[in-house]
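*Asks:* Predicted model and sequence follow; I will ask about them next.
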Amino acid sequence: MNKQEEFNQTSNSEKVYNIINLGPTHPATHGIFQNILKMDGEIIMEAEPTVGYIHRAFEKLAEHRPYNQVTPITDRLNYCSSPINNMGWHMTVEKLIGCEVPKRAQYMRVIIMELSRISDHVICTTIIGQDTGATTGFLYFFQMREKIYEIFEEICGARLTTNIGRIGGMERDFNETVWKKLDIFLKEFPEFLSEFQRLIERNRIFMDRTIDCGPISAEKALAYGFTGPNLRAAGVDYDVRVAMPYSSYEDFEFKIPIGQNGDTYDRFMVRIEEMWESISIIKQAIEKMPEGPIHADVPEFYLPDKEDVYSKMEALIYHFKIVMGETDVPKGEVYHSVEGGNGELGFYLVSDGGRTPFRLHFRRPCFIYYQAYPEMIVNGLLSDAILTLSSLNVIAGELDA
Amino acid sequence: MVSNEMTLQLKEKVENLINAKFPNALISTSLEYDFPVFELDKSQFLEVMTFLKNDSQANFGFLTTLCGLHFPENGDKEFGMMYQLHNLNSNERIRIKVFMPKEDMKINSLTQLWPTANWMERQEYDFFGFKFIGHPNLVRILNMDEMNYFPMRKEYPLEDGSRDDKNDKMFGR
């Protein structure tokens, strides 16, 4: 007996409810989510989410891979902002091996992380627009994500699953094209963003649709483990970048925008404001960008230059050990968290001194706050449920690990 | 950045708080990088967690994450649960650990304290087979319902051993 039949059987009252299947591959859910909804007309009475459709056993997989090969796994968690995941993982390992990354690399990381935060928020905000019926945002503002991916491509060669940076620093310095593209982006983006805001923010239809849609109170949000923009929309100013600064975030001036009601409109507005803050952080980082090396002196983790590999014995040995995954690390357990696009992305790493992590646990913000979804949509309309899902920005890759 | 001294102070503070209320609950304490770690006795686990959440001095109101651990060579402490609590007001984080033998993998559920523990505990049940007492809906979450083992335990290989369609004789691994 499948779940749907079970549902049908249990409802023995005279009133007949409709059971509908939202997902797993519904175009409006933007990912693989199944929700079995019990409907009274257009009102949702009960909701039961099923997750795990794209579970890829990352935690098990990570136990069998050397440290540098875990980075591509993290790409595939929240694939809308994979550089943040990559950096989070690098910083976790750096914390374990006690390696201090040079300032220049830290600032480069900040630029990359803020760019990917913008691209994450661009996706979320335009999709909220799309789901309220405003296709323009999705078609027009979405070009900005393309520009960000072009910058990533120039830095690391990949666009979506970036595998950017290395344990101990960055793989290479920004080249001329990156700086040029960054300049163009910083000039163009504010215009696009303010135009998008003018288009949507005070739009009567948009406001009517999103205000009081899928609200959650601050207490509830905290009890459900919300972090990131969704928690801040409910009015709690918790941001990992400020609470536990990493990668020199303490050097920059920025505000943490918060909302009041925790509804879809607030979540949208918080993300819009965060994009402005991210732009300001990137500008500050470019302005203050220090000179110096781009990686720490950790030859057992950081791949040596190719010329050295061919001409120096030590470099050749390290190159071999890193590529073959034969580097040992200190014993210990370490937790490091970064502010991902959707909240606190944490890595809990237990090392037994071997070549692979003994245990690696990802704190995935989407997985944790998605369980509040049924409570947020019950007694609401089906169309509001779609909107709530897109405003929570649940990413299937992160949800299912 | 959290300095070493602050972590040390926090460790002492929480240690004293727990010891004053529950003299036998604390088995050991340690410092792991920037985290104070407290190992608790399983029988008083729920009481101590309730205390840590509600006490005005401790005030660890936010459950950051929890996860299962498996150390096959640890004898009576083969399986463990790790919990991370966060005091958002004073920005302090601690880690709680509870260990148990393989024969007795029952531990009190935290769902009544934090609703967020619901799915997190289901996940650890799914992967390790912990039985959370008092959990409202302890079923598999990410793996398929028909699965008959707990894949994150160390004895299970990365690839499903029950499959015979993957013949590696020719290529080796």
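*Replies:* Now that the structure is in, tell me what you want to look at. The model shown is predicted, which means the values in this text are computed figures rather than measured ones. Numbering: from 1, shown residues only, chains lettered A, B, ... in the order given.
*Asks:* can we go C-alpha only for contacts and neighbour counts from here?
*Replies:* OK.
*Asks:* Just the buried residues of stretch A:44-52, please?
*Replies:* Using 16 or more other Cα atoms under 10 Å in any protein chain shown as the test for burial, stretch A:44-52 gives A:I44, A:M45, A:E46, A:A47, A:E48, A:P49, A:V51, A:G52.
*Asks:* and the closest residue to A:H295 other than its chain neighbours, bridged to which residues?
*Replies:* Of all residues beyond its chain neighbours, the one nearest A:H295 is A:G169 (4.0 Å), with distances taken as Cα to Cα, 6 or more residues apart in numbering or on different chains. Counting by DSSP bridges, A:G169 is bridged to A:R166, A:H295.
*Asks:* Surely A:G169 touches A:R104?
*Replies:* No. Look at A:G169 against A:R104 with Cα atoms under 8 Å: they stay out of range, at 9.0 Å.
*Asks:* Looking only at neighbour counts, state which of those two leads.
*Replies:* A:G169 (28 against 22; other Cα atoms under 10 Å in any protein chain shown).
*Asks:* ok now do that one, which residues does it touch?
*Replies:* Going by Cα atoms under 8 Å, 6 or more residues apart in numbering or on different chains, A:G169 touches A:V101, A:P102, A:A105, A:Q106, A:I294, A:H295, A:A296, A:Y302.
*Asks:* Burial check on A:P66, number of neighbours?
*Replies:* Quick note: A:P66 (other Cα under 10 Å) scores 20 neighbours.
*Asks:* Test my guess that it contacts A:G325.
*Replies:* Yes. Between A:P66 and A:G325 there is a contact under Cα under 8 Å: 5.2 Å.
*Asks:* pLDDT averaged over stretch B:27-46, what's the number?
*Replies:* Per-residue pLDDT values over stretch B:27-46 give a mean of 90.
*Asks:* Okay, now that stretch: how far is its last residue from its first?
*Replies:* 15 Å (Cα to Cα, to the nearest Å).
*Asks:* contact partners of that stretch?
*Replies:* A:332-334, B:2-4, B:7-8, B:10-11, B:15, B:24-26, B:93-100, B:107-110.
*Asks:* how does it look with 7 Å?
*Replies:* A:333-334, B:2, B:4, B:7, B:11, B:25-26, B:93-98, B:108 (Cα atoms under 7 Å, 6 or more residues apart in numbering or on different chains).
*Asks:* tell me which residues in that stretch are buried?
*Replies:* Buried-residue list, stretch B:27-46, by 16+ other Cα under 10 Å: B:29, B:31, B:33-42, B:45-46.
*Asks:* Where does pLDDT dip in chain B?
*Replies:* Across chain B, the ranges flagged by pLDDT under 70 are B:1-3, B:160-173.
*Asks:* longest helix anywhere in it?
*Replies:* helix B:4-21 (DSSP state H).
*Asks:* Give me the contacts around that helix.
*Replies:* For helix B:4-21, with Cα under 7 Å, 6+ apart as the criterion, the contacting residues are B:D34, B:F35, B:P36, B:A58.
*Asks:* one more time with 8 Å
*Replies:* B:A25, B:L26, B:T29, B:L31, B:D34, B:F35, B:P36, B:V37, B:V48, B:A58, B:E92.
*Asks:* cool, and stretch A:175-189?
*Replies:* Taking Cα under 8 Å, 6+ apart as the rule, stretch A:175-189 contacts A:M144, A:K147, A:I148, A:I151, A:E154, A:I155, A:I279, A:K283.
*Asks:* quick revisit: from the contacts of stretch B:27-46, which would you call buried?
*Replies:* A:333-334, B:7, B:11, B:25-26, B:93-98, B:108.
*Asks:* Give me the neighbour count for A:I205.
*Replies:* Neighbours around A:I205, by other Cα under 10 Å: 13.
*Asks:* if I look at it, how far off is A:S194?
*Replies:* 19 Å.
*Asks:* returning to that earlier point: mind listing the shared neighbours of A:G169 and A:R104?
*Replies:* A:I294.
*Asks:* Over stretch A:79-98, what's the mean pLDDT, rounded is fine.
*Replies:* 91.
*Asks:* what does stretch A:178-185 give?
*Replies:* 92.
*Asks:* Chain A contacts on chain B?
*Replies:* When proximity is defined as Cα under 8 Å from any Cα of the partner chain, chain B approaches chain A at B:1-2, B:32-33, B:62-65, B:67, B:69, B:88, B:91, B:114-117, B:119-120, B:141-143, B:151-152, B:158.
*Asks:* Swap in 6 Å and give it another go.
*Replies:* B:W114, B:P115, B:T116, B:L142 (Cα under 6 Å from any Cα of the partner chain).
*Asks:* so how far is stretch A:321-334 off the chain centroid?
*Replies:* 26 Å (Cα atoms, centre = their mean, to the nearest Å).
*Asks:* With stretch B:24-31 instead?
*Replies:* Centre to centre, stretch against its chain (Cα atoms, centre = their mean), the figure for stretch B:24-31 is 15 Å.
*Asks:* Widest-spaced pair of the buried ones among the contacts of stretch B:27-46?
*Replies:* Using Cα to Cα, the two most remote members of the buried ones among the contacts of stretch B:27-46 are B:T7 and B:N108, lying 27.9 Å apart.
*Asks:* May I have the secondary structure class of A:Y318?
*Replies:* helix (DSSP: H, G, I helix; E, B strand; the rest coil).
*Asks:* Check B:T50 too.
*Replies:* Under three-state DSSP, B:T50 comes out as helix.
*Asks:* Skipping adjacent residues, who's closest to it in space?
*Replies:* That would be B:L113: by Cα to Cα, 6+ apart, it lies 7.0 Å from B:T50.
*Asks:* if I've got this straight, that neighbour is in a helix?
*Replies:* No. B:L113 is assigned coil when assessed by three-state DSSP, not a helix.
*Asks:* what about A:P49, which helix or strand?
*Replies:* strand A:43-50 (DSSP states H and E).
*Asks:* I'd like to know which elements that strand is packed against.
*Replies:* Counting contacts by 3 or more Cα pairs under 6 Å, 6 or more residues apart in numbering or on different chains; DSSP states H and E, strand A:43-50 packs against strand A:34-40.
*Asks:* Who does the strand it packs on pair with, and is each partner parallel or antiparallel?
*Replies:* strand A:18-22 (antiparallel), strand A:43-50 (antiparallel).
*Asks:* so can I have TSV of the ones you listed showing mean pLDDT?
*Replies:* Listed next are the strands paired with strand A:34-40 as TSV, based on pLDDT from 0 to 100:
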stretch	mean pLDDT
strand A:18-22	88
strand A:43-50	90
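*Asks:* how about the strands in chain A?
*Replies:* A:18-22, A:34-40, A:43-50, A:332-339, A:344-351, A:359-363 (DSSP state E).
*Asks:* measure the closest residue to chain B within the stretch 201-350 of chain A to A:G214 for me?
*Replies:* Ranked by Cα to the nearest Cα, the top residue of the stretch 201-350 of chain A for proximity to chain B is A:Y224, at 4.3 Å. Using Cα to Cα, A:Y224 is found at 15 Å from A:G214.
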